[in-house]
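K.L.:
requesting a structural model of the entry that follows:
(2 chains)
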Amino acid sequence: MSATSARPSHAAQPSGSAFILKKALISAAVALVLFSLMIGVRTEAGPQGGLIYWTRFGDLAAMVGTVFGGSIIIELLRQWWGPVDKDRIVPKPVQAAMSFAGRWLAPALLVFAFLVPVIFYNQRYILDLSILVLTYVMLGWGLNVVVGLAGLLDLGYVAFYAVGAYSYALLATNFGLSFWVCLPLAGILAAFWGVLLGFPVLRLRGDYLAIVTLAFGEIIRLVIINWQSLTGGPNGVSGIPRPTLFGIPLDNSDDGLAAKLGIEFSPTHRIVFLFYLILAMALLTNWVTIRLRRLPIGRAWEALREDEVACRALGINVTTTKLTAFATGAMFGGLAGAFFATRQGFISPESFTFQESALVLAIVVLGGMGSQLGVALAALTMIGGFELFRGFDQYRMLVFGIAMVLLMIWRPRGLIGHRAPTVFLERNQAISSDLVKEGHG
Amino acid sequence: MSGDPILTVDRLMMRFGGIVAVNELSFAAERRKITALIGPNGAGKTTVFNCITGFYRPSGGAIRLAHDDGRSIQLERLNDFRISKQAKVARTFQNIRLFPGMTALENLMVAQHNALMRASGLTLLGLLGLPSWREAEQRAIELARTWLDRVGLLDRADDAAGNLPYGDQRRLEIARAMCTEPALLCLDEPAAGLNARESGGLNELLLSIRNEQGTSILLIEHDMSVVMEISDHVVVMDYGVKIAEGTPQAVRDDPKVIAAYLGADEEEAIAVMESGT
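P.N.:
As a prediction, this is how the structure comes out:
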């Protein structure tokens, strides 16, 4: 401390060789404890079934030494680098280029999205992946209403996805209703469940809200597993009808689209159709969200995220405002669920685990809460990027995790951290993420 | 008290467990007048405010609001947002509660939520972008622009509220409260943290709100220069009870008030009171 106390700007950050050494020793000690069992002792089932083990103290020493040296290097680097600051990490020209790219990114992405089936017509894998990415874009945009705009942390979003999927699956298989009839029904049913979830959680804030929504997600899944007579339990629902183009099926029958158009049937037609279907649904979600943000209800959601007490003082009914946020988010989740069911043709409770909720939430947080473009980019990164790392085999999760950590250090408020105002008099200027609240319930 | 009270507080009680924060407090605030509620720290002023504006439910007593059209509303029976929505009572907060991540203009638009919700047909008409909604939105923007101009923040309309200097934030909060078009405006220490020039500007703003809008104002204030200069009526509280009320002049000379503020040392108390004028 004494070495730095003279420099006020670094007063809180001790430096000096003693400090670095101490830190490195602590790191090495932790590494020793951790790796002594993981690396130091190797066990294996012997030929007679008994446990045999041997020691690898050389590897252990190397590991601990690496940690010790690495800790010193990192600490030196950190002091040379100075306090972590956006300006330091990202050079000014790069920032300028990025802001230029930011202006054209959304239209460019949109055009590219429309062209994907044309460019990759013969690459089934890319088309399937794009459909998956777009499904998550839509889910992200839906959850963004709840988490990003209204600031309500929802860990059980997958429940509405499941409600939508099962709504369509059961209505279609039991009553023979078509996809286009079931789609709005699935949305309405999911919205209804959103309101139902909303009621008990209205008084909860922050962590408590998160826990209850998490529980809700699990309850829906457990109900689906156990209500065998209706949902088929763990066996799921199969034989879900494929969507039709306003009554014209996309198969190789005589009434099929290919026959009617007089072209040769190809299974890719249906994939392309599904692609444009989910693209349209995602864009609808986006359009509605953008419109809602500029309406009083959307502004009330954002105000709720900023300061709930002030909202009440201004005569805003916090209860109904929260419920509408839940219902709107749930509705989009339900629509995406119906699409998921019709694309897969088979659904089971396994598709609606907590992992899905976490993934969608990660997309929203990574994208920058409240930013539509950010969510789309994050979905592309999370789903597409994860596929990209396939070459790393068993290190895939590790690389992916490191990439996530680095991204969050670089942009703690998500890819698109700033907030665009919903209305302006003279200048439409973005608001820095430092001012925008995350919301706490 | 004579005259035409807009707000009548009758034997208001507020208990928190065994602590009596407000004890049988009765006072009235007159229509189109500025009433100040003063008292030493911990006297229960903010508690009274929270009872009036529905953030607390009073343990006893009545709070009656008489509108211009003769409508009388029992405020203690309404809760939080309905006080502002139905009874038209707006408030500001001791520690400013703006929406920091939203622009000044957006803050004022949020304040017009209920009017805009009606105009947007509970969102449906607005989603379709019907002309009636567009007109309503334009009117709302105009009202916001008027108020931004009134508080001198028109050139900062598109800046984030959290980026404004402290004094501007105080004024913006008042503008936001006024955008709800209230009958009674309750201000909790509006001059706290303002310098002499800024609190002078605040005085003018509050007087113009009273004179031009005809809004009745109830304010809690420690800054005696504000209280003495603009209030028509002053109510003094200490330990949850009213110890004096009257014109600013009468209250200032009241020995009980002086004693409450600075113990028994009257000389010092007088000095403080005088310095404020």
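K.L.:
please make it C-alpha for all contacts and neighbour counts, starting now.
P.N.:
Will do.
K.L.:
how about residues contacting the helix or strand hosting residue B:109?
P.N.:
Here residue B:109 sits within helix B:104-111, counting by DSSP states H and E. Contact with helix B:104-111 is made by A:296, A:299-300, A:303, A:314-315, A:421-425, B:98-99, B:140-141, B:144-145, B:148, B:156-161, B:172, B:175-177, B:179-180, as judged by CA atoms under 8 Å, 6 or more residues apart in numbering or on different chains.
K.L.:
residues from the stretch 301-441 of chain A in reach of chain B?
P.N.:
Contact residues (CA under 8 Å from any CA of the partner chain) of the stretch 301-441 of chain A with chain B: A:303, A:306-307, A:309-318, A:419, A:421-429, A:431-433, A:435-437.
K.L.:
buried only: go through the residues you listed for me.
P.N.:
Neighbour counting by 16 or more other CA atoms under 10 Å in any protein chain shown classes A:303, A:306-307, A:309-318, A:419, A:421-424, A:431, A:433, A:435-437 among those as buried.
K.L.:
which of the residues you listed fall in helices?
P.N.:
Cross-referencing these against helices under DSSP state H gives A:303, A:306, A:309-313, A:318.
K.L.:
from the contact counts, what lies against whichever strand or helix holds residue A:219?
P.N.:
Residue A:219 is located in helix A:207-226, with elements delineated by DSSP H and E. Secondary-structure packing of helix A:207-226 (3 or more CA pairs under 8 Å, 6 or more residues apart in numbering or on different chains; DSSP states H and E): helix A:158-175, helix A:179-201, helix A:354-367.
K.L.:
among those helices, which is the most enclosed?
P.N.:
Highest mean neighbour count among the helices and strands packed on helix A:207-226 (mean count of other CA atoms under 10 Å in any protein chain shown): helix A:158-175, with a mean of 25.
K.L.:
quick check: angle from that one to helix A:207-226?
P.N.:
30 degrees (axes from the mean of the first three to the mean of the last three CA atoms, to 10 degrees).
K.L.:
what angle sits between helix A:158-175 and helix A:354-367?
P.N.:
Using the same axes, to 10 degrees: helix A:158-175 against helix A:354-367 is 130 degrees.
K.L.:
output helix A:158-175 as PDB, nothing but the C-alphas.
P.N.:
Output of helix A:158-175 as PDB, limited to C-alpha atoms (Å, rounded to 0.1, in the frame of the first residue of the first chain):
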ATOM      1  CA  VAL A 158     -39.400 -21.800 -21.200                       C
ATOM      2  CA  ALA A 159     -42.800 -22.600 -19.500                       C
ATOM      3  CA  PHE A 160     -44.600 -20.400 -22.000                       C
ATOM      4  CA  TYR A 161     -42.600 -21.900 -24.800                       C
ATOM      5  CA  ALA A 162     -43.800 -25.300 -23.600                       C
ATOM      6  CA  VAL A 163     -47.400 -24.100 -23.200                       C
ATOM      7  CA  GLY A 164     -47.400 -22.800 -26.800                       C
ATOM      8  CA  ALA A 165     -45.800 -26.000 -28.100                       C
ATOM      9  CA  TYR A 166     -48.200 -28.300 -26.300                       C
ATOM     10  CA  SER A 167     -51.200 -26.100 -27.100                       C
ATOM     11  CA  TYR A 168     -50.600 -26.600 -30.800                       C
ATOM     12  CA  ALA A 169     -49.500 -30.200 -30.500                       C
ATOM     13  CA  LEU A 170     -52.600 -31.200 -28.500                       C
ATOM     14  CA  LEU A 171     -55.100 -29.100 -30.400                       C
ATOM     15  CA  ALA A 172     -53.800 -30.300 -33.700                       C
ATOM     16  CA  THR A 173     -53.600 -34.000 -32.900                       C
ATOM     17  CA  ASN A 174     -56.800 -34.200 -30.900                       C
ATOM     18  CA  PHE A 175     -59.100 -31.900 -32.800                       C
END
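K.L.:
so the residue lying closest to residue A:65 once chain neighbours are set aside is in which element?
P.N.:
When the adjacent residues along the chain are set aside, residue A:65 lies closest to residue A:28, with 7.2 Å between them (CA to CA, 6 or more residues apart in numbering or on different chains). Element membership of residue A:28, judged by DSSP H and E, is helix A:17-35.
K.L.:
just the buried positions in that helix, please.
P.N.:
Buried residues in helix A:17-35 (16+ other CA under 10 Å): A:20-21, A:23-25, A:27-28, A:31-32, A:35.
K.L.:
quick one, what contacts residue B:176?
P.N.:
The contact partners of residue B:176, by CA under 8 Å, 6+ apart, come to B:107-108, B:111.
K.L.:
what helix or strand does it sit in?
P.N.:
Using DSSP H and E, residue B:176 falls in helix B:166-179.
K.L.:
dump that helix to CSV, restricted to CA.
P.N.:
Output of helix B:166-179 as CSV, limited to C-alpha atoms (Å, rounded to 0.1, in the frame of the first residue of the first chain):
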residue,chain,number,x,y,z
TYR,B,166,-28.9,18.2,-9.5
GLY,B,167,-30.9,21.5,-9.6
ASP,B,168,-32.3,20.6,-13.0
GLN,B,169,-33.4,17.2,-11.8
ARG,B,170,-35.3,18.9,-9.0
ARG,B,171,-37.1,21.1,-11.4
LEU,B,172,-37.7,18.3,-13.9
GLU,B,173,-39.3,16.3,-11.1
ILE,B,174,-41.7,19.2,-10.5
ALA,B,175,-42.5,19.4,-14.2
ARG,B,176,-43.1,15.7,-14.3
ALA,B,177,-45.6,16.0,-11.4
MET,B,178,-47.3,18.9,-13.1
CYS,B,179,-47.7,16.9,-16.3
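K.L.:
fine by me, thanks again.
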